[in-house]
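>>> sharing a model prediction with you, sequence too.
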Amino acid sequence: MTGNLATTGTGLDRMLRTLFWGGAAALWLAPLAAQQFVDGMDWSVLDFVIWGVMLLIAAGVCELALRATGDLAYRAGVVVAVGAGFLLVWVNLAVGIIGGEDDPANLMFFGILAAGVIGGLAADFRARGMARALLAMAVLQGLAGAAALAAGWGAGSENWPQVIYVMTGFFGGLWLLSAWLFRKAARHPAAVKGADR
């Protein structure tokens with residue numbers, strides 16, 4: 001994937017860029033509008049800064065994927081992985097998966113994201129290596145859920161243990177979907193530079 005950052009300039013590329021950046025801007029402003037109508041929603045400047053940084057990173061990674069390759073499977077793999085990562089961070093910061101957002105057990109989910117980033121860097125973001133990294137993230141997601149259930153973390157919270165099952169299955173499924181898309185992209189080495197490695 002690396003090495004070819006020339007844009008293709010197609011209408012689809014322009015539409016996707018508009019979708020990513022326009023959507024990020026709209027999402028950044030959504031809490032401001034929601035504060036006018038939702039009692040108890042009182043975001044600080046820091047909340048908006050963190051939210052903006054999250055959106056900027058997500059849209060920026062998608063932009064880089066658009067510039068790097070024209071392979072639809074690779075692009076879709078990036079979008080699914082970035083979307084899942086974004087949701088995982090958002091849920092953890094907002095309410096937490098285990099117990100509340102302040103429960104230290106939730107930090108292990110950030111470890112899953114770190115493992116994915118390290119795996120992607122080690123693979124030079126090539127499709128085959130990305131597939132392996134996302135598969136590892138799915139396994140880690142399952143292990144995190146199993147650890148939370150075995151240790152009883154968050155047992156006093158509402159909807160426990162169902163929330164652990166649902167979140168583990170949801171995010172694990174997204175990691176697997178992304179891995180499958182990257183694996184599919186790896187079958188077309190001409191479309192993604194170095195995808196066969």
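Nice, thanks for sending it over. Values in this document were obtained by computation on a predicted structure and should not be read as measured data. Residues are numbered from 1 along each chain as shown.
>>> residues of stretch 125-141 that come out buried?
Neighbour counts using 16 or more other CB atoms under 10 Å place 125-138, 140-141 of stretch 125-141 among the buried residues. No exception for glycine: its C-beta is placed from N, CA and C like everyone else's.
>>> and for stretch 15-35?
Quick answer for stretch 15-35 (16+ other CB under 10 Å): Leu16, Arg17, Phe20, Trp21, Ala24, Leu27.
>>> using CSV, write out every CA atom in it.
Extracted in CSV, the C-alpha atoms of stretch 15-35 (Å, rounded to 0.1, in the frame of the first residue of the first chain):
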residue,chain,number,x,y,z
MET,A,15,-17.7,11.7,-3.4
LEU,A,16,-16.0,9.5,-0.7
ARG,A,17,-13.8,12.3,0.4
THR,A,18,-16.8,14.6,0.7
LEU,A,19,-18.6,12.0,2.7
PHE,A,20,-15.7,11.4,5.1
TRP,A,21,-14.8,15.0,5.7
GLY,A,22,-18.4,16.4,5.5
GLY,A,23,-19.6,13.6,7.8
ALA,A,24,-16.8,14.3,10.3
ALA,A,25,-17.7,18.0,10.4
ALA,A,26,-21.4,17.2,10.9
LEU,A,27,-20.6,14.7,13.6
TRP,A,28,-18.4,17.3,15.3
LEU,A,29,-21.2,19.8,15.4
ALA,A,30,-23.9,17.3,16.4
PRO,A,31,-23.2,17.4,20.1
LEU,A,32,-23.5,21.2,20.0
ALA,A,33,-26.9,20.9,18.5
ALA,A,34,-27.9,18.1,20.9
GLN,A,35,-27.0,20.2,23.9
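>>> next one: it to chain centre, how far?
In terms of CA atoms, centre = their mean, to the nearest Å, the centre of stretch 15-35 is found 17 Å from the chain centre.
>>> and the helix or strand hosting Gly119, what does it pack onto?
Secondary structure from DSSP states H and E places Gly119 in helix 107-122. Helix 107-122 sits against helix 72-94, helix 127-151, with contacts defined as 3 or more CB pairs under 8 Å, 6 or more residues apart in numbering; DSSP states H and E.
>>> show the average pLDDT along the first one.
So that's helix 72-94. On average, the pLDDT along helix 72-94 is 92.
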